[in-house]
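> I would like the atomic coordinates for the input below:
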Amino acid sequence: MLDDLTTRLARSRVPARIALADTPGAAFALAMFGRESPVLVPPGESEPHIAVLPVEALRLDADVAAGLRRLGLRRIGDVEALPRAGLARRFGLAPLLRLDQASGRRPEPLSPLDEERTFSAARGFLDPIGRQSDVVAAARALMEEIAPRLERAGLGACGLRLTLHRVDGAVRSLDLGLSRPERCPDRIATLVGLRLDRLGAGLDAGFGFETVDIAVTSTEPMVARQAEFGGGGAVERVAGLADILAQRIGRRLMRLTPRESHIPERAEGIVSFVAPPLPYPAFHPARPLVLFARSEAAQDVFATAPDGPPHRFRWRAREYRVARAEGPERIAPEWWREQAEPRDYYRIECEVGRRLWLYRDGAHGPDRPAAWFVHGMFP
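All right, here's what the predicted structure looks like:
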């Protein structure tokens, strides 16, 4: 593994010195001050390998390392041979700690780097709070601290995390997603209130919350814009409505948008409710209100003409008789994607009143009839 890593880095022209040992201190010393690279030290054999290295390999302060050198202690092995009590009186506990960590006598856990929380604020309470109105007021006050920093950076919050710390140590986190960048404390407080309304008793304040903090989890550029008389513009009002509904129903609002495909299941996609709208084609043929994600097979199909509409079929364990039919509408496959047969679609109305969208997958063959499928339902 070390040889492969060294080869890859060299191929990418990235200078590196690599060492693998059973302690982070020993690996650092061998990588930074060893004569070879890569170096692989078997478990339990770190001490003799680092004993010949200079004292700077112990990750000591420059003043401590210079003091050791003035006493003639140039190698780690020289420091290890000294009485520990005298070494501690002269240079403190730092040399002993680094020696023990490098040799494995004292653990050195590595903590992962946390994501930097650039825009956050917290507030503690001597008297714990438990009412929803108090939590909303605290969220508004915290957002008033964060908003100026966001404004100076030219950013708006698209995601927020409200964390509530209970007196008994339990922590409750609530994530809020916004449709557009926002930094207005009142609007954020309104969304927090709606989210807490949806939780109801599920919030479980217990004996109260002693700390409330808000962190901005995602941001986007937010340019300054002229406010309109009578409130925000249409886009802002729609975004505000989308955020309010999202907090009430617990899901982010989405909508359909056209795509560059004439295949029915690929002709539309799902985007955010406030995403920039794209124009639909000038000619848009009739499509069912309900389009199945996967077309469902129609069985026992009876048609008087080979290329005509069906007169009777079975679907979802029920037999249907066709009263009226329109079509066909032929939709050819996208040859650059896949090899498939063209589809002939029919809009039919059954005798029971159900209106369906059926298609015949390809033409009838001499040895087998074409397959029929139900792809959607009209209102």
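
> quick one, what contacts the closest residue to residue 2 other than its chain neighbours?
Computed as Cβ to Cβ, 6 or more residues apart in numbering, the closest residue to residue 2 that is not its neighbour in sequence is residue 38, at 3.9 Å. Glycine gets a C-beta too; all of them are placed from N, C-alpha and C. Contacts for residue 38 (Cβ atoms under 8 Å, 6 or more residues apart in numbering) come out as 2-3, 5-6, 18-20.

> what about residue 38, distance to residue 56?
To residue 56, residue 38 is 21 Å away according to Cβ to Cβ, to the nearest Å.

> likewise residue 378?
Relative to residue 56, residue 378 is positioned 80 Å away (Cβ to Cβ).

> just residue 303 next, same as before
88 Å.

> which other helices and strands contact the helix ranked longest in the chain?
For the chain, the longest helix by residue count, based on DSSP state H, is helix 132-153. Packing contacts for helix 132-153, counted by 3 or more Cβ pairs under 8 Å, 6 or more residues apart in numbering; DSSP states H and E, involve strand 120-129, strand 155-166, helix 185-199, strand 209-221.

> hmm, who's touching the shortest one?
Right, strand 120-129. By Cβ under 8 Å, 6+ apart, strand 120-129 touches 135, 138, 141-143, 145-146, 166-167, 205, 207-216.

> try 10 Å this time
134-135, 137-139, 141-147, 149, 160-161, 163-167, 205-217 (Cβ atoms under 10 Å, 6 or more residues apart in numbering).

> same thing with stretch 304-319?
With Cβ under 10 Å, 6+ apart as the test, stretch 304-319 has contacts from 296-303, 320-328, 344, 346-348, 350-352, 354, 356, 358, 360, 363-364, 369-370, 372-374.

> Inside strands: which ones of these?
Among the contacts of stretch 304-319, DSSP state E puts 296-302, 320-328, 344, 346-348, 350, 356, 358, 360, 372-374 in strands.

> CSV for the helices and strands packed on helix 132-153, including mean pLDDT, mean neighbour count and distance to residue 43?
Listed next are these as CSV, based on pLDDT from 0 to 100; neighbours: other Cβ atoms under 10 Å; distance: least, Cβ to Cβ, whole Å:
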stretch, mean pLDDT, mean neighbour count, distance to residue 43
strand 120-129, 91, 14, 42
strand 155-166, 91, 20, 41
helix 185-199, 89, 18, 51
strand 209-221, 91, 18, 41
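
> Any chance of the ones you listed in JSON lines with distance to residue 89 as columns?
Formatted as JSON lines, the helices and strands packed on helix 132-153 follow (distance: least, Cβ to Cβ, whole Å):
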{"stretch": "strand 120-129", "distance to residue 89": "42"}
{"stretch": "strand 155-166", "distance to residue 89": "43"}
{"stretch": "helix 185-199", "distance to residue 89": "56"}
{"stretch": "strand 209-221", "distance to residue 89": "43"}
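
> Can you give the domain ranges for the chain?
Here the domain parsing of the chain from automatic domain parsing is 2-103, 120-222+236-249, 290-377.

> right, and those - which one's nearest residue 260?
Nearest to residue 260 among the domains of the chain is domain 290-377; the distance by Cβ to Cβ comes to 10.3 Å.

> Low-confidence ranges, the stretch 51-200 of the chain, go.
Counting by pLDDT under 70, the stretch 51-200 of the chain shows low-confidence ranges at 112-117.

> I'd like to know which elements the helix or strand containing residue 9 is packed against.
For residue 9, the host element (DSSP states H and E) is helix 2-11. If you count contacts as 3 or more Cβ pairs under 10 Å, 6 or more residues apart in numbering; DSSP states H and E, helix 2-11 packs onto strand 19-20, strand 39-40.

> and the first one, what does it pack onto?
Going back to what we said before, that points to strand 19-20. So strand 19-20, by 3+ Cβ pairs under 10 Å, 6+ apart, packs with helix 2-11, helix 24-33, strand 39-40.

> run the last query once more with 8 Å
Short answer (3+ Cβ pairs under 8 Å, 6+ apart): strand 19-20 packs on helix 24-33, strand 39-40.

> can you list these in CSV and add mean pLDDT?
Below are those laid out as CSV (pLDDT from 0 to 100):
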stretch, mean pLDDT
helix 24-33, 89
strand 39-40, 86
